[in-house]
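A.B. asks: this one's sequence-less:
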């Protein structure tokens, strides 16, 4: 099987896109409907937690990063950064540091912030906790725990500002399957585009590959899909995606959240429910690789969960040990993509996906082991809920 240089380059960049998920030019096609571009200037309630953002100064030679802080009713938002500053060289027997993860969520009074270090030789093999904080408004803390990993400490600050609206974006749609209905510019808590699209194909859509360029440079790259790979749009359906386009803007004394003077939203590819695609093949392949990695992971995890449920003395500690002992192999069938015939199967990318899924599940198990909520977590019931979620998820990927 032969691949174009352009396709191979796109596939080689997939790991980089995921690590910086802050994750080939075909002709553009006009949408069937002229999209509307509208700002949203309405002032939110003064006490709305969605106004809060976290400023992360992760490298003294670089501008800070920003993430919005969600309320307690939503899953916490997180970011990982890779351009960290090292203060001591890596020991020969240490796993290389790949990224530092920062997660934040408003708890009703303060923002809960947790920091961890991702290590591995190929992707993320291990996650080491590196501190937890409760930040009040305008409070600043230094994550000194990162020193033990040889990383220059991060500075974190909880802020509430009203940044500028991002300008109306240019649009480039490289597919025939989706039409842009509208793009709304919002600035609370951070500059964001609310992109609304309609499925005008005859198939359900499972994924859309989107990029945003700011001032002519790559800014945001994402694969829009459901957490458990359900279709995101029915035939004729409409869906909305928030695209955060905040950039750090220099002030007289520091930085503040801002927006680029010009942005372009590019819809590169669509992957349908039957795994065929429309648009840029290399972009479609990125979701194909995610699916292959998740299928490989589930094919090992689902049998383990079933075995553990048959064990009357199952415990979270034992399950965690068996989970981390799993290995993941791909057979010839797994390695083939049903949709994009020219998609290759880079093993390093599959390893990256399986390890990322593993770390997510291990994080859940660790919460059960290390916290003592009232009432306590019924581990068997939790394990059963994972089985009930993972079995149909695996079936969708067969």
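C.D. replies: Done, it's in. Everything quoted here is computed from the prediction, not taken from an experiment. Residues are numbered from 1 along each chain as shown.
A.B. asks: a helix runs through residue 384, doesn't it?
C.D. replies: Yes. Under DSSP: H, G, I helix; E, B strand; the rest coil, residue 384 sits within a helix.
A.B. asks: which helix is the longest one in the protein?
C.D. replies: Longest helix in the chain by number of residues (criterion: DSSP state H): helix 281-309.
A.B. asks: and the next helix or strand past that helix?
C.D. replies: Counting by DSSP states H and E, the element after helix 281-309 in chain order, helix or strand, is helix 316-324.
A.B. asks: show me what counts as buried in that next one.
C.D. replies: Residues of helix 316-324 classed as buried under the neighbour-count rule (16 or more other C-beta atoms under 10 Å) are 316, 319, 320, 323. C-beta: built from backbone N, CA, C; applies to glycine.
A.B. asks: pretty sure the third one contacts residue 369?
C.D. replies: Translated: residue 320. Yes. If you go by C-beta atoms under 8 Å, residue 320 and residue 369 touch, sitting 7.1 Å apart.
A.B. asks: would you mind measuring from residue 160 to residue 51?
C.D. replies: For residue 160, the distance to residue 51 (C-beta to C-beta, to the nearest Å) stands at 5 Å.
A.B. asks: again, but for residue 281
C.D. replies: From residue 281 to residue 51 the distance is 41 Å (C-beta to C-beta).
A.B. asks: contact partners of the helix or strand harbouring residue 365?
C.D. replies: The secondary structure element spanning residue 365 is helix 347-370 (assigned by DSSP H and E). Taking contacts as C-beta atoms under 8 Å, 6 or more residues apart in numbering, the residues outside helix 347-370 that touch it are 11, 14-15, 18, 118, 120, 122-127, 289-290, 292-294, 296-297, 301, 316-317, 319-320, 323-324, 326, 328, 330, 377, 379, 382, 386.
A.B. asks: buried stuff in it?
C.D. replies: Along helix 347-370, these residues count as buried under the neighbour rule (16+ other C-beta under 10 Å): 349-359, 361-362, 365, 368.
A.B. asks: nearest to residue 147 among these?
C.D. replies: Proximity to residue 147 was ranked across those by C-beta to C-beta; first place goes to residue 359, at 22.9 Å.
A.B. asks: can you pull out the helices in this structure?
C.D. replies: Ranges of helices within the chain are 5-12, 14-19, 281-309, 316-324, 332-335, 347-370, 379-397, based on DSSP H.
A.B. asks: before we move on, the earlier item: and which of the buried residues of helix 347-370 is nearest to residue 235?
C.D. replies: The nearest one, if we look at those relative to residue 235 and count by C-beta to C-beta, is residue 353, at 28.6 Å.
A.B. asks: what is the end-to-end distance of stretch 138-154?
C.D. replies: Between the opening and closing residues of stretch 138-154 we find a distance of 16 Å, counting by C-alpha to C-alpha, to the nearest Å.
A.B. asks: got the buried residues for it?
C.D. replies: Of the residues in stretch 138-154, 141, 143, 145, 146, 149, 150, 151, 152, 153, 154 count as buried by neighbour count, 16+ other C-beta under 10 Å.
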